[in-house]
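Trainee: Below: sequence and its predicted model.
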Amino acid sequence: MKQALANKKRSRAKALLRVEKGSLVPNDAATVELLRARKYKLGDVLAAELSKPRSPKFHRLAHSLGGMLAENIEAFAGMDAHRVLKRLQIEGRIACDEIPIHAPGVGPCAYFIPLSLSFESMDDGEFHEVIAAFCAYVSHKYWPSLEPEQIEQMAEIWVAP
């Protein structure tokens, strides 16, 4: 039990910073207050993992892609957008962890676990790569008459305003 708790990553409020020439500065008043509350002061050295926050519109694009595929490709009929995306991840080996296993009577094989596509789990750059990979996979396997860029453009049209 203690080990499980020790391995859990503590969730902290993220400080939104803006890139300026040679520096990072607080993006808004809420970030300034967050930094003050943590008692950071001028000259402090901080460790940080930087990522670009995801665009909500681009997140909606992924779900509109899933919905569009569910409505237009028989293999995805009856599935919701989220399930379509998870299936694409596994089929296309896109943003998945691969776990080697030994199945009795079968032998060595691989088990694929799709990674979370949530805002907290994946930054904007990684998410763009995943969407591009989805479109390339769909173009190759399900819609060979369309280029990946065409599939992404079609999904953009489906994004609710």
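Mentor: Alright, I've got the coordinates.
Trainee: And the contacts of stretch 82-96?
Mentor: Stretch 82-96 has contacts (Cβ atoms under 8 Å, 6 or more residues apart in numbering) with 62-63, 65-67, 69-70, 76, 79, 112-115, 117, 122, 126, 130, 133-134, 137-138, 141. Just so you know, the C-beta spots here come from the backbone N, C-alpha and C atoms, and that holds for glycine as well.
Trainee: Can you check the pLDDT for S116?
Mentor: Looking at S116, its pLDDT reads 90.
Trainee: For it, grab the count of nearby residues.
Mentor: 9 (other Cβ atoms under 10 Å).
Trainee: Secondary structure element holding the residue most central in space within the chain?
Mentor: Among the residues of the chain, L117 comes closest to the average C-alpha position under Cα atoms, centre = their mean, at 3.1 Å. For L117, there is no host helix or strand (DSSP states H and E).
Trainee: One more: R36?
Mentor: Judged by DSSP H and E, R36 forms part of helix 29-37.
Trainee: Ramachandran coordinates for the residue of the chain most remote from its centre?
Mentor: The centre of the chain is farthest from one residue, G105, which by Cα atoms, centre = their mean lies 35.8 Å away. Note on G105: backbone dihedrals following degrees, to the nearest 10 are phi 80, psi -10.
Trainee: and if you look at the one 4 residues further on?
Mentor: Backbone dihedrals for C109, given as degrees, to the nearest 10, come out at phi -150, psi 180.
Trainee: okay but it is in contact with I99, surely?
Mentor: No: judged on Cβ atoms under 8 Å, C109 makes no contact with I99 at a distance of 9.8 Å.
Trainee: any chance you could map the strands in this protein?
Mentor: For the chain, applying DSSP state E gives strands covering 17-20, 23-26, 96-103, 107-114.
Trainee: Reformat the ones you listed as TSV; add mean neighbour count and distance to K52.
Mentor: TSV is the format used below for the strands of the chain (neighbours: other Cβ atoms under 10 Å; distance: least, Cβ to Cβ, whole Å):
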stretch	mean neighbour count	distance to K52
strand 17-20	11	10
strand 23-26	12	12
strand 96-103	10	22
strand 107-114	11	22
